[in-house]
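[1] Sequence first, then the predicted structure, then my questions.
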Amino acid sequence: MSDSPYQDDRGNKDRSITRAGGGGTSQHKPSGGTARPAPGTPFLIGEAMTGGYGKGPDILHACTIAVEPGEIAVIVGPNGAGKSTAMKAMFGMLDVRSGRVMLDGEDITALSPQDRVVKGMGFVPQTHNIFATMTVEENLEMGAFIRRDDFHDTMTQVYDLFPILKEKRLQPAGQLSGGQRQQVAVGRALMTKPKVLMLDEPTAGVSPIVMDELFDRIIEVARTGIPILMVEQNARQALEIADKAYVLVQGANAHTGTGRELLADPDVRRSFLGG
Ligand SMILES: Nc1ncnc2c1ncn2[C@@H]1O[C@H](COP(=O)(O)OP(=O)(O)OP(=O)(O)O)[C@@H](O)[C@H]1O
Ligand SMILES: [Mg+2]
């Protein structure tokens, strides 16, 4: 199985995956026109989250992560810092002992992951994020499990965003390259028509060219108006596209700012960007 970067799906159309329609703008901020919370109001926030796994020790220590409407927020930090744990806490896969999670102004701290999906959260976990023995198309159909309406338009939009998936729609997803499998995972999450998309290391294990491709697609999704919260190992590239960025260290917020601010921060540069 070749893992070579796919060249054949560049230049796809900028079609909307949002519930309300919308479209691309030259910047990935939405151009307005729809009712939105006031600027600075997070669409999704995990506020002062403290908690760990089961009866184990706290992994997160008053950790706060937020993403605002139309923005890309990025979490970076060393291995084991708690980045995935913070994402899982926001998705309801972990009990927070204190703190809360708010979605579009509603306290969802007590909701199950399924109920959060119904509320509009799309989550692509770091591992086991596709059904390897099922075809690409079956994976997308699984993504639509909560929907009662006809999801075929959304599938068309996912195929427009990731044309290689249409080509490979009848192949078992496990046979695809790493970058293509990540597209399946993101596509599956988009099938729920999420109001916010959370991605845990969407570019893990792919070549730099495929990474750039995936980032382009993620920006494209953000342009349709879906705010994105993303954990990234490729800190420099992630900060370059981040409206808001968080450096987590040992389960706590170490640095917060715009991507540009953190890229310019001498501490962040020295500790996380190799100088
Ligand atoms: N299911 C689990 N049960 C118990 N402890 C866990 C579990 N998953 C992670 N941990 C612990 O939580 C801490 C944070 O792990 P986490 O996976 O959130 O880090 P991360 O920042 O996502 O790391 P990476 O960059 O390697 O993905 C680690 O000490 C890890 O051992
Ligand atoms: Mg992780």
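    Yep, it's here. Ligands and ions are numbered 1, 2, ... in the order given.
[2] In contact with the residue of the chain at minimum distance from ligand 2, which residues are there?
    Scanning the chain for proximity to ligand 2 using Cβ to the ion identifies Ser84 as nearest, at 3.1 Å. The C-beta positions use only the backbone N, C-alpha and C, and glycine is treated the same way. Contacts were defined as Cβ atoms under 8 Å, 6 or more residues apart in numbering; by that measure Ser84 touches 125-126, 200, 231.
[3] let's see it at 6 Å
    Ser84 is in contact with 126, 200, counting by Cβ atoms under 6 Å, 6 or more residues apart in numbering.
[4] On the three-state scheme, it is what?
    State at Ser84, reduced to three classes by DSSP: H, G, I helix; E, B strand; the rest coil: helix.
[5] With the one 5 residues further on instead?
    Judged by three-state DSSP, the three-state class of Ala89 is helix.
[6] Now do the same contact list for it.
    For Ala89, the contacting residues are 46, 49, 96, taking Cβ under 6 Å, 6+ apart as the criterion.
[7] which one of those is nearest ligand 1?
    For ligand 1, the nearest member of the contacts of Ala89 is Met49. The distance, counting by Cβ to the nearest ligand atom, is 11.9 Å.
[8] thought that closest one was touching Asp58?
    No - assessed by Cβ atoms under 6 Å, Met49 is found out of contact with Asp58, at 9.8 Å.
[9] neighbour-wise, which of those two wins?
    Between Met49 and Asp58, counted using other Cβ atoms under 10 Å, the more crowded position is Met49 (28 against 18).
[10] Now the phi/psi pair for the more buried one, please.
    Backbone torsions of Met49, given as degrees, to the nearest 10, read phi -80, psi 130.
[11] which residues pair with it across the strands?
    Partner residues in beta bridges with Met49, using DSSP bridges, are Cys63.
[12] just to revisit the earlier point, for the contacts of Ala89, which one is nearest Glu213?
    Gly46 (29.2 Å; Cβ to Cβ).
[13] these two touch, right, the closest one and Val101?
    Yes - under the contact definition of Cβ under 6 Å, Gly46 touches Val101, with a separation of 5.0 Å.
[14] so what's in contact with those two at the same time?
    Common contacts of Gly46 and Val101, defined by Cβ under 6 Å, 6+ apart, comprise Met90.
[15] Only C-alpha atoms, please: export the helix or strand of the chain with the lowest mean pLDDT in PDB.
    Lowest mean confidence among the helices and strands of the chain (mean pLDDT, DSSP states H and E): helix 266-272, at a mean of 90. Output for helix 266-272, consisting of C-alpha atoms alone and laid out as PDB, is shown next (Å, rounded to 0.1, in the frame of the first residue of the first chain):
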ATOM      1  CA  PRO A 266      10.800  33.500  23.400                       C
ATOM      2  CA  ASP A 267       9.800  31.000  26.200                       C
ATOM      3  CA  VAL A 268       7.500  29.100  23.800                       C
ATOM      4  CA  ARG A 269      10.200  29.200  21.100                       C
ATOM      5  CA  ARG A 270      12.900  27.900  23.400                       C
ATOM      6  CA  SER A 271      10.800  25.200  25.000                       C
ATOM      7  CA  PHE A 272       8.500  24.000  22.200                       C
END
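[16] what comes up buried for it?
    Across helix 266-272, burial judged by 16 or more other Cβ atoms under 10 Å covers 268, 271-272.
[17] top helix in this protein by residue count?
    Longest helix in the chain by number of residues, with DSSP state H as the criterion: helix 208-223.
[18] can you give me the mean pLDDT across it?
    Average pLDDT, helix 208-223: 94.
[19] what sits against the closest residue to Glu232 other than its chain neighbours?
    Using Cβ to Cβ, 6 or more residues apart in numbering and skipping the chain neighbours, the partner closest in space to Glu232 is Ala238 (3.5 Å). Listed by Cβ under 6 Å, 6+ apart, the contact partners of Ala238 are 74, 76, 232.
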